[in-house]
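K.L.:
any chance you could fold what I've pasted below:
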Amino acid sequence: MGDYDIRNDLRYSAEDEWVRSETKGVTIGISDYAQQQLGDVVFVELPEVGRLLEKGEPLGVIESVKTVADLYAPVSGEVLEVNPALAETPEAVNDDCYGEGWMLVLSVADPSEVEGLLDRAGYLQHIKDREDQGT
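P.N.:
Numbering: from 1, shown residues only. Next up, the predicted model:
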């Protein structure tokens, strides 16, 4: 398995988004594994502030030099904020996916959805299973 920075203080979706609980809701981005698989990110399309998202719903698109991929809502909630810097510097996703490369902040409709996401060990196993299957 590759060398990925998978943090203990975050939760992860099977679609490779990370979720960090904060006082105003949850901050969401894509994992180090995802950004490494994508390669150099050249464009990020995010939802409008105020949009209501359902867990599992496509929320935007990320484009790299290798591919275009959908982004999915790891939990249900209302978009409170999007990272405006990604419009000008989408490469921040590659440079600092857990910091400057964050994507959006959601209010959480159901806190149990956050608890239902993968922890570090579960996400690492998920990555290993995918790599073992060659996907």
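K.L.:
quick one: the helices in the protein?
P.N.:
With helices called from DSSP state H, the chain shows them at 32-38, 85-88, 92-95, 111-115, 120-133.
K.L.:
looking at the ones you listed, which is nearest to Glu15?
P.N.:
helix 32-38 (8.4 Å; C-beta to C-beta). All C-beta spots, glycine's among them, are computed from the backbone N, C-alpha and C.
K.L.:
looking at the helices of the chain, which is buried most?
P.N.:
helix 32-38 (a mean of 21; mean count of other C-beta atoms under 10 Å).
K.L.:
show me what it is in contact with.
P.N.:
If you take C-beta atoms under 8 Å, 6 or more residues apart in numbering as the criterion, helix 32-38 is touched by 2, 4-6, 16-17, 30, 41, 62, 64, 66-67, 69, 93-94, 97-98, 101, 127.
K.L.:
and if you look at stretch 100-113?
P.N.:
With contact meaning C-beta under 8 Å, 6+ apart, stretch 100-113 is reached by 22, 24-30, 35, 44, 46-47, 53, 55, 59-60, 71, 73-83, 85-86, 92-95, 114.
K.L.:
average pLDDT for that stretch, rounded please.
P.N.:
Average pLDDT, stretch 100-113: 96.
K.L.:
for that stretch, measure first residue to last.
P.N.:
Its first and final residues considered, stretch 100-113 spans 25 Å by C-alpha to C-alpha, to the nearest Å.
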